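Q: no FASTA, just this:
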C-alpha cells in the first residue's frame, strides 16, 4: 500500500528557498490547519522536523520554528485518524526523555505516533547550545544514534533497561507507560553509515536522488539490505507539488519562485552542510546553481501532477511520498480532491 503524507511547515519559508513564495511563518495556526486539512482529505500521516537554527538570507529561512513533538501533541489532540510523526535528535535528546516524549504523543494520539530519528548534521545548530561533540565524526554520531535507538526501543517494551555502551550507561532505567502501539521509526540517513543505520534500526527510510534512476537505486539498495537482515523496510521520498488550473499557470508560478531564489539562505544552508564557500560571490553562484526547490518537484495542472507522480512512484519502486507545498491550504485540498483519488486507484 502506498502512503501519502505531509511535511508540515514547522519552520518559516517551508521547503522552497525563495523571496516570492506565499508567506509560511512556521506558526501554530498554519501547522494546525494543514494537519486538519490532511486529516479531512485522507492523507496518511503528517510529519514535523526538528529545527534549532535558520540559514539567514533575505528571508531568514528556517529562522523561526516550533518544536516538533510539542506541536504534534497539540495536533494529535485535534485529530482522530492521521498518523503523527515527530523528529528528535540523538545528540540532543536523552534516550529516556525521547522514549517518554514519544510514548506521551502515542497516548494522546491513540496509537498514531511515529519518530523520525536524526543523528545531527548541522554543527552550528547544536554548537550554539553546547550540544556538539567535536570528537564525534559523522560515522561516530551514527554509532551513538544506534545505541540511542536501541535504548529507546527497549524502554518502550521492557520493565527496566540496563545498558552499558560506548556512549550511554543506563542502570535499571524505567519508562512508563509504554506506547499503546510500537511507534513507527524512520530516518533519512543517506551516507553508507546512515543508510545502514536506517535499514537496520528503523521501519522506514527517507531516500532521495538527483533523478528517478538514483532514487530507484536507493530504494532497491534499502530493500536488499533489509532482506539480508531478515526484515522489510518501507522507502519514502519528499516531493514538492506546485499546481494551478493549467500547466502553463503552474509553470509560471514555479518560475516566479525560481526567479525569487534567496541565494543568501541557500549559501547558509550549504555552509551548514560543510560545503566550502569562496566569499559572497562564490556563495551566490553556488546557490543559483542549486535552485529554489529543495526536493523532487512536480509542476502542472492537477491531472498532470497525478500522472507524473504515479510514474515517479512506479519508476522508483518506493512505498510513499511526503508532500510539500508553496500554499498548504490550497495545495492540500487540490491534492486530496484531484490527485490522491487517482493515485489511490492506480495502486489499489
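A: All right, it came through fine. These numbers come from a predicted model, not from an experiment. Numbering: from 1, shown residues only.

Q: Tell me how far residue 149 lies from residue 158.
A: 14 Å (Cβ to Cβ, to the nearest Å). Yep, even glycine has a C-beta here, placed from its N, CA and C like the rest.

Q: Settle it for me: which of these two has more neighbours?
A: residue 149 (22 against 13; other Cβ atoms under 10 Å).

Q: so the more buried one, which of the three states?
A: Under DSSP: H, G, I helix; E, B strand; the rest coil, the three-state class of residue 149 is helix.

Q: going forward, begin numbering at 896 instead of 1
A: Yep, numbering from 896; the last one is residue 1044 now.

Q: which residue sits closest to it, ignoring its sequence neighbours?
A: residue 1096 (4.6 Å; Cβ to Cβ, 6 or more residues apart in numbering).

Q: Quick check, pLDDT for the one you found.
A: On pLDDT, residue 1096 comes in at 97.

Q: my read: residue 1040 touches residue 993, true?
A: No - the pair residue 1040 and residue 993 does not pass the contact test of Cβ atoms under 8 Å, sitting 11.1 Å apart.

Q: overlap in contacts of these two?
A: residue 985 (Cβ atoms under 8 Å, 6 or more residues apart in numbering).

Q: List the residues that contact the residue nearest to residue 1044.
A: Residue 1096 neighbours (Cβ under 8 Å, 6+ apart): 1012, 1041, 1044-1045, 1048, 1080, 1082.

Q: Torsion angles phi and psi at it?
A: phi -110, psi -10 (degrees, to the nearest 10).

Q: I'd like the distance between it and residue 1034.
A: Applying Cβ to Cβ, the value for residue 1096 to residue 1034 is 15 Å.

Q: buried sites along stretch 918-932?
A: 919, 921, 925-927, 929-932 (16 or more other Cβ atoms under 10 Å).

Q: Strands along the protein, start to end?
A: 898-902, 940-942, 978-984, 1008-1013, 1056-1059, 1064-1068, 1079-1082, 1099-1101, 1129-1138, 1191-1195, 1215-1220 (DSSP state E).

Q: any chance of these in CSV, with mean neighbour count too?
A: Putting the strands of the chain into CSV (neighbours: other Cβ atoms under 10 Å) gives the following:
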stretch, mean neighbour count
strand 898-902, 23
strand 940-942, 24
strand 978-984, 24
strand 1008-1013, 24
strand 1056-1059, 14
strand 1064-1068, 13
strand 1079-1082, 22
strand 1099-1101, 24
strand 1129-1138, 23
strand 1191-1195, 21
strand 1215-1220, 23
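
Q: Would you tell me which of the ones you listed gets closest to residue 1002?
A: In terms of Cβ to Cβ, the element of the strands of the chain nearest to residue 1002 is strand 1008-1013, at 8.5 Å.

Q: List of residues touching the closest one?
A: Under Cβ under 8 Å, 6+ apart, the answer for strand 1008-1013 is 940, 942, 944-945, 971, 978-985, 993, 997-998, 1000-1001, 1040, 1043-1044, 1047, 1074, 1076, 1078-1083, 1096-1097.

Q: Stretch 1144-1156 now?
A: So stretch 1144-1156 is in contact with 911-916, 1137-1139, 1182-1183, 1186-1188, 1192, 1194-1196, 1199, 1221, going by Cβ under 8 Å, 6+ apart.

Q: Okay, buried residues for that stretch please.
A: 1145, 1148-1149, 1152, 1155-1156.

Q: Which ones among those residues lie within helices?
A: Residues of the buried residues of stretch 1144-1156 located in helices (DSSP state H): 1145, 1148-1149, 1152.

Q: quick check, nearest of the residues you listed to residue 1028?
A: So of those, ranked by how close each gets to residue 1028 (Cβ to Cβ), first place is residue 1152, at 37.9 Å.

Q: Tell me how far that closest one lies from residue 1034.
A: Residue 1152 is 36 Å from residue 1034, by Cβ to Cβ.

Q: next one: residue 1068
A: Applying Cβ to Cβ to residue 1068 and residue 1034 gives a distance of 26 Å.

Q: again with residue 1219
A: 29 Å.

Q: got it, and residue 1050?
A: 25 Å.
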